[in-house]
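Peer 1: Sequence plus the predicted model coming up.
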Amino acid sequence: MGSQAHTTAGPAVRDLPPGYTEWPAPAALRHAIACLWAQVTPGGSTRRGLVLPDACADLIWEPGRGAYVAGPDTGPAPTEMPAGTIIIGVRFGPGGGGPGRGRARRAVRHRRVAAREGRRGEARRLPGTLDPDTAVVRALDVVAGLVADGAPDPALAWAAELLEDPQARTEEVAEQIGLSERQLRRRCHDAVGYGPKTLQRVLRFRRFVAQIDAAAGPPRGPARDLATIAARAGYADQAHLTRECRALAGLTPAALARQRAS
């Protein structure tokens, strides 16, 4: 795929409002890419926050730094974004291709790996001197090449869909997709970065985060009735939610809801 195939994919980055924005990938890459995103930090002050586990890996471009891979996390990753910067990302869902291709995704778990440590062509095409709109176009071309080199694992994409059900049992999921439990664990570690039970925990936590974000606004404010949200997300009770939230976000559910609302 040439860059001309992607020049109309998504908004002009220079026109995005402050904050986080995501948009769909071009149709030809949607089987591998969950979304594209940008974080616009206006001038005036540095933005600090937490990146929470989401079962994904990202190819990220930053001005002055260039491209790097953010591997899957199982805990909070503090971030600091200087004032006046725009960061671009391409997100790969569970079982997706892209980052980690040529090495198991478990090798980049909890890591931020410079593109120069992988295929040198990627680093050359995405230097930190680009403008953000050019970075988006080139990142999509790089991703198209990565996907062409190795398509997403369809069995793991199916397994991730099944594991969205908090009642799903890994042995039943393995049987349904035609793998042994051992094969499922191995391929999950390679394609996702950790095993199916951890994937199920992270997917459940992602549902909880999405629900507190929805409950927080508008009007803006911390999510109320955390017990109801916990049940809807698939937690046995609020104590179960509290344990998992502390493990995955480093905060209590109420503290996380307040932070997300702000």
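Peer 2: Yep, that arrived. Since the structure is predicted, the reported quantities are computational estimates derived from the model, not experimental observations.

Peer 1: Give me the contact list for stretch 231-247.
Peer 2: Stretch 231-247 has contacts (C-beta atoms under 8 Å, 6 or more residues apart in numbering) with 75, 165-167, 201, 204-205, 207-208, 211, 226-227, 230, 251-253, 256. (Each C-beta comes from the backbone N, C-alpha and C, glycine too.)

Peer 1: again, but for stretch 33-43
Peer 2: 9-10, 13, 16-25, 47, 56, 81-93, 96, 98, 132, 136, 140, 143.

Peer 1: Now, of those, which are buried?
Peer 2: Among the contacts of stretch 33-43, those buried by neighbour count (16 or more other C-beta atoms under 10 Å) are 9-10, 13, 16, 21, 25, 47, 56, 81, 85-93, 96, 98, 132, 136, 140, 143.

Peer 1: Just the ones in strands from the residues you listed, please.
Peer 2: Mapping the buried ones among the contacts of stretch 33-43 onto strands (DSSP state E) picks out 21, 47, 81, 85-92.

Peer 1: which of these lies closest to residue 64?
Peer 2: The closest of these to residue 64 turns out to be residue 85 (C-beta to C-beta; 8.2 Å).

Peer 1: close enough to count as contact, that closest one and residue 63?
Peer 2: Yes - Residue 85 lies in contact with residue 63 (C-beta atoms under 8 Å); the separation is 5.8 Å.

Peer 1: Just the CA coordinates for the one helix or strand residue 156 maps to, please, in CSV.
Peer 2: Assigned by DSSP states H and E, residue 156 falls within helix 154-163. Taking C-alpha atoms only, helix 154-163 is exported to CSV below (Å, rounded to 0.1, in the frame of the first residue of the first chain):
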residue,chain,number,x,y,z
PRO,A,154,-7.7,-15.1,13.8
ALA,A,155,-8.0,-17.8,16.5
LEU,A,156,-6.8,-15.3,19.1
ALA,A,157,-9.1,-12.6,17.8
TRP,A,158,-12.0,-15.0,18.2
ALA,A,159,-10.8,-16.1,21.7
ALA,A,160,-10.7,-12.4,22.8
GLU,A,161,-14.3,-12.0,21.7
LEU,A,162,-15.3,-15.1,23.7
LEU,A,163,-13.3,-14.0,26.7
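
Peer 1: other SSEs contacting it?
Peer 2: helix 170-177, helix 181-191, helix 196-215 (3 or more C-beta pairs under 8 Å, 6 or more residues apart in numbering; DSSP states H and E).

Peer 1: Between all of the ones in strands among the buried ones among the contacts of stretch 33-43, which two are at the greatest distance?
Peer 2: Pairwise distances among these were taken by C-beta to C-beta; the largest, 24.0 Å, belongs to 47 and 92.

Peer 1: returning to that earlier point: would you list the ones in strands among the buried ones among the contacts of stretch 33-43 in JSON lines and tack on pLDDT and distance to residue 241?
Peer 2: Output for those, formatted as JSON lines (pLDDT from 0 to 100; distance: C-beta to C-beta, whole Å):
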{"residue": "21", "pLDDT": "95", "distance to residue 241": "29"}
{"residue": "47", "pLDDT": "85", "distance to residue 241": "27"}
{"residue": "81", "pLDDT": "89", "distance to residue 241": "29"}
{"residue": "85", "pLDDT": "92", "distance to residue 241": "34"}
{"residue": "86", "pLDDT": "94", "distance to residue 241": "35"}
{"residue": "87", "pLDDT": "95", "distance to residue 241": "30"}
{"residue": "88", "pLDDT": "96", "distance to residue 241": "33"}
{"residue": "89", "pLDDT": "96", "distance to residue 241": "28"}
{"residue": "90", "pLDDT": "95", "distance to residue 241": "31"}
{"residue": "91", "pLDDT": "95", "distance to residue 241": "25"}
{"residue": "92", "pLDDT": "91", "distance to residue 241": "27"}
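
Peer 1: Understood, closing this out.
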